[in-house]
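A.B. asks: Prediction below, plus the sequence it came from.
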Amino acid sequence: MKAFKYLLVAAVAVPAVASPGFAQTAKPAPPAPAATEDAAKAAHKTIAGELVAADKAAKTVTVKHMVDKKPAQMTFSVDDGAVASLAQFKPGDPVKVTYVEMGDKRIIKSIVKG
């Protein structure tokens, strides 16, 4: 009978003592993304297509590409750093454009023959 009492006390005490150890702890919050350079790098997008027109004076580039097997055109503003590279392109060249979207504008960060 005495052994039964000890077993009963142990059966009740062990889960009471051990259960807080198994409780879930709160996960730490993920670090907030930096609103500067890291966010801009994450927002970079790339598109490959055919150069339709490049206007250095207006700082615009139009590229034809395929969307769902249908041709589409996108017009980009050109970043000051990429304006100088436009001289090497002519309409019909295959290009690869890296750009960011700022509001309703698409701004080219780099353009290379592709």
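C.D. replies: Arrived safely, thanks for sending.

A.B. asks: Pull up the gap between Gln88 and Ala82, please.
C.D. replies: 11 Å (CB to CB, to the nearest Å). The C-beta positions use only the backbone N, C-alpha and C, and glycine is treated the same way.

A.B. asks: Of the two, give the one with the bigger neighbour count.
C.D. replies: Ala82 (21 against 11; other CB atoms under 10 Å).

A.B. asks: any idea which helix or strand carries the more buried one?
C.D. replies: Assigned by DSSP states H and E, Ala82 belongs to helix 80-83.

A.B. asks: Mind checking what helix or strand follows the worst-scoring helix or strand of the chain on mean pLDDT in sequence?
C.D. replies: None of the helices or strands of the chain scores lower by mean pLDDT, DSSP states H and E than helix 37-42, at a mean of 52. Note on helix 37-42: by DSSP H and E, the next helix or strand toward the C-terminus is strand 45-55.

A.B. asks: Great, nothing more from me.
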